[in-house]
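K.L.:
sequence isn't available, so here's the structure alone:
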C-alpha cells in the first residue's frame, strides 16, 4: 500500500515538447495520418508501397506538428484546412527526401534502406513527383490562395537550395553565407512556410502570421545547424553508425567551416583532401571529429544554433499566451539540447 | 511586269495550323516566352543554364499554343492570366521531360544531348523540381482556383502514369487498356488540362470548358499514338536515326500490340525476346518495322489515331465559330498527316 502510494507520488517521466504537442494535437494528427494514407493511394501499387515505406516509417511528423501548433498558437481551434495543409507540408517533405536520396546517392534513410535501393531511383523520382503534385491538390482544396502562394514559393526556394548545395559539392571551402543560404533553403524555408501558412488558417493578421513564419524559420535554422553538428557526433557522442553522412558526401557544414577557420595550415590541408578531393581514409572521420571538438568549432556551432533558437523564442511574442505558445518556446530550446 | 503579277498570283506556301495559330497568337506567345525566361531565372546559375537549354531549344510550344488558342476559341480576348497559365503548362512539360530523361536514361532530347548528359542526373532532377514549383507559383498568381485544381490533378495523373509505364517495362505483353491509360496520363492529361483551364480563363460555362478539355484530351491521344507510330518510321519512312527509341527501351506501344495480336507463333517469340527479355540484335528493329507494316498494324494504329482526331474535332462544336475554332480543327487533322 505504502509502496503503491509512493509509486503514485513519483513524477511522470518528463514529456518533451514534441511529446506534449503530439498529445495536445492527437485528434488533428490522426486526421493528418488519414489524409496521408488516403492521398498516397493509387491503383499503381508502387505509389502507395513506396510512399508508405517512408510515410508509415514515420519520422516525428515535426512539420505537421509545427503547422497545427502554429495555427493553435494564434487562436486557431482546428480546421479541415489546417489538417490538409499539414498533410501537404509532410508530402512536400517526403517528396524532397525521395529526390534527395537519389541525388545524394544515400543508402540509408530514417535507419532503413533508402527507397531508391528497394524500388530503384526511377520509382523514387516519379513517386516524389506524385506526392509533390498531391500536396498541391491538398492545398488547392483549402481554397486559400495565401497558402498556395506561401508553399509554392517555398517549394521553389527548396529546389533552388538543393541545386545550390549540389553546385557546392567538391569545393574544399564554403563561405558562411553560402552555408546559411543552403540551410535556409533546405530546412528553414519549409518550416517557415508551415508555420506562416498554418497561422493564416486561423488569423488574417499579417503581422501575426509573419511572426509565426519567423518562428518557423529560426527554428528550422537552429534545427538544421544542430543536425549538422550531430552528423559529427554533437558535442560529446562517441562515433557511431549514424554519423559522418555529410563528411562522406563531401558536404561542408558549419562545424567544418568553423574548424577550418581557426585550423593550422596542416588542418586546412586535411580539409582540402577529405572534402575538396573527397580522398578519405579509414581514420579521417575520427580525425575530423577530433578537430571539430578540439578547435572549439563544436561549441561555436552550438552557440550559433542557440542564437537562432533564441530568435525563434523571441518571435513568439505575437502569439496568443497559452500552452501552445509555451510548448513552441520549449521546442526551440529542445533543438539545442539534442546536441548533448 | 507580267511576271511580277504572276508572282503575286502564286499562292503563298500553305501554312500548317500550328504556323497559323503561332502567327495569330504572336503577341501572347511573346509574353509567354518572356515569362518562361523570367521565371526560370535564379542566382544559382545551373537553373537558368539548364532550363534555357531545354526551353530555348524550343520545341513547338504546342502546349502553350493549345492553352492560348483554347481561350480564344471560346471568346477570350487574351489576358495576363492565360499567358501565365500557358507558361505554367510549358514548365510542367519541361519538368516532366527533365525527369523522363533520367528515368528512361535517354541520351538525346529534341535532337540534342539530354540535359542529364550535360549537367548530370542530379541537376536534372532538382531543376525539374524547381520548374514544377515555379509552375505552381505562376498558377497561384492567376488567383483562379479552378486552374490550380485542374493542373494539380493533371500533375498527379502524369506522375501516376509515369510510374505505371515504369512498372510495365520488361513485360512482353501490354493490354490495350493499359497502353491507353499510359497515353492518357503521359500526354492526354496535360493537353486536356491546358485546353480546359485555358477555356476557364475566358468563360465560366462548365459545359464549354469541359468540351475544350475533351478536345485537348482527344488531340493528345491522337498526337501520342501517331508519335508512337513514328517511332517505327510511321507508315512509309525509311529507318533513320530518329526511330526505335521505344523499341530499345522495351516500351510496348500500339503498333507492337496490334502486330503481336495478329502475328504468328514465331512473331510472338520475336516480340517476347526483343521486348520482354530486351535481347536485341542489329537487324531486330528493321524486322520489327517490317512486321508492323506487313501485318497491317501500322494502318490500324493510324486508324485508331484518326478516331481520336475525329472525336477532338467533334468536341469543338461548343467553341465559338471563327478562325481559332477552324485552326484547332485543322490541328486535329494535322496530327494524322504527320504519320505519312
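P.N.:
Sure thing, it's come through. Predicted model only: the values in this text are computed from it and were never measured.

K.L.:
within range of chain B, give me the residues from the stretch 151-300 of chain A.
P.N.:
Residues of the stretch 151-300 of chain A lying close to chain B by Cβ under 8 Å from any Cβ of the partner chain are A:152, A:153, A:155, A:156, A:158, A:159, A:160, A:162, A:163, A:164, A:166, A:167. In this view, the C-beta of every residue, glycine as well, is placed from N, C-alpha and C.

K.L.:
switch to 6 Å and redo it
P.N.:
When proximity is defined by Cβ under 6 Å from any Cβ of the partner chain, the stretch 151-300 of chain A lies next to chain B at A:152, A:153, A:155, A:156, A:159, A:160, A:162, A:163, A:164, A:166, A:167.

K.L.:
now residue A:306: closest residue in space, sequence neighbours ignored.
P.N.:
Leaving out its chain neighbours, the residue that sits closest to residue A:306 by Cβ to Cβ, 6 or more residues apart in numbering or on different chains is residue A:336, at 5.5 Å.

K.L.:
was I right to think the one you found contacts residue A:309?
P.N.:
Yes - at 5.3 Å, residue A:336 and residue A:309 qualify as touching, with contact defined as Cβ atoms under 6 Å.

K.L.:
contacting residues for the one residue in the stretch 201-340 of chain A that gets nearest to chain B?
P.N.:
Nearest residue of the stretch 201-340 of chain A to chain B, counting by Cβ to the nearest Cβ: residue A:249, 11.6 Å away. Counting by Cβ atoms under 6 Å, 6 or more residues apart in numbering or on different chains, residue A:249 makes contact with residue A:104.

K.L.:
again, but for the one 3 residues further on
P.N.:
Residues in contact with residue A:252 (Cβ under 6 Å, 6+ apart) are A:174, A:275.

K.L.:
let's go with 7 Å and repeat that
P.N.:
Counting by Cβ atoms under 7 Å, 6 or more residues apart in numbering or on different chains, residue A:252 touches A:168, A:171, A:174, A:275.

K.L.:
swap in residue A:330?
P.N.:
residue A:17.

K.L.:
just residue A:236 next, same as before
P.N.:
Taking Cβ under 7 Å, 6+ apart as the test, what residue A:236 contacts is residue A:340.

K.L.:
same question, residue A:225
P.N.:
Residue A:225 is in contact with A:183, A:254, A:301, A:304, A:305, A:308, counting by Cβ under 7 Å, 6+ apart.

K.L.:
could you check which helix or strand contains it?
P.N.:
Assigned by DSSP states H and E, residue A:225 falls within helix A:206-230.

K.L.:
before we move on, back to that, neighbour count winner among residue A:336 and residue A:309?
P.N.:
residue A:309 (26 against 19; other Cβ atoms under 10 Å in any protein chain shown).

K.L.:
how about the helices in the stretch 101-250 of chain A?
P.N.:
A:115-119, A:121-141, A:145-168, A:176-183, A:189-200, A:206-230, A:245-249 (DSSP state H, counting those that start in this stretch).

K.L.:
my guess is residue A:300 contacts residue A:258. True?
P.N.:
Yes - applying Cβ atoms under 7 Å, one finds residue A:300 in contact with residue A:258, separated by 4.9 Å.

K.L.:
from the middle of its chain, how far away would stretch A:91-106 be?
P.N.:
In terms of Cα atoms, centre = their mean, to the nearest Å, the centre of stretch A:91-106 is found 13 Å from the chain centre.

K.L.:
again, but for stretch A:243-259
P.N.:
With Cα atoms, centre = their mean, you get 17 Å for stretch A:243-259.

K.L.:
also stretch A:263-277?
P.N.:
Worked out by Cα atoms, centre = their mean, stretch A:263-277 lies 29 Å from the chain centre.

K.L.:
same check on stretch A:318-334?
P.N.:
18 Å.

K.L.:
and stretch A:112-129, by the same measure?
P.N.:
Going by Cα atoms, centre = their mean, where stretch A:112-129 is centred and where its chain is centred differ by 20 Å.

K.L.:
touching chain B at all, that stretch?
P.N.:
Yes - applying Cβ under 7 Å from any Cβ of the partner chain, one finds stretch A:112-129 in contact with chain B at A:122, A:123, A:125, A:126, A:127, A:129.

K.L.:
which intervals of chain A have sub-threshold pLDDT?
P.N.:
Flagging of chain A using pLDDT under 70 yields the residue ranges A:1-13, A:57-58, A:106-111, A:237-241.

K.L.:
one more pass at 50, please.
P.N.:
A:1-3, A:5-7 (pLDDT under 50).

K.L.:
centre-most residue in it?
P.N.:
Nearest to the mean C-alpha position of chain A, by Cα atoms, centre = their mean, lies residue A:187 at 5.3 Å.

K.L.:
which residue, other than its chain neighbours, is closest to that residue?
P.N.:
Here the residue nearest residue A:187, using Cβ to Cβ, 6+ apart, is residue A:224, at 3.9 Å.

K.L.:
hmm, residue A:183 and that neighbour touching each other?
P.N.:
Yes - counting by Cβ under 7 Å, residue A:224 touches residue A:183, with 4.7 Å between them.

K.L.:
so for residue A:336 and residue A:309, which residues contact both of them?
P.N.:
Common neighbours of residue A:336 and residue A:309 (Cβ under 7 Å, 6+ apart) are residue A:222.

K.L.:
circling back to that earlier point, want to throw the helices of the stretch 101-250 of chain A into JSON lines with distance to residue A:50?
P.N.:
Conversion of the helices of the stretch 101-250 of chain A to JSON lines gives the following (distance: least, Cβ to Cβ, whole Å):
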{"stretch": "helix A:115-119", "distance to residue A:50": "5"}
{"stretch": "helix A:121-141", "distance to residue A:50": "5"}
{"stretch": "helix A:145-168", "distance to residue A:50": "20"}
{"stretch": "helix A:176-183", "distance to residue A:50": "27"}
{"stretch": "helix A:189-200", "distance to residue A:50": "21"}
{"stretch": "helix A:206-230", "distance to residue A:50": "24"}
{"stretch": "helix A:245-249", "distance to residue A:50": "22"}
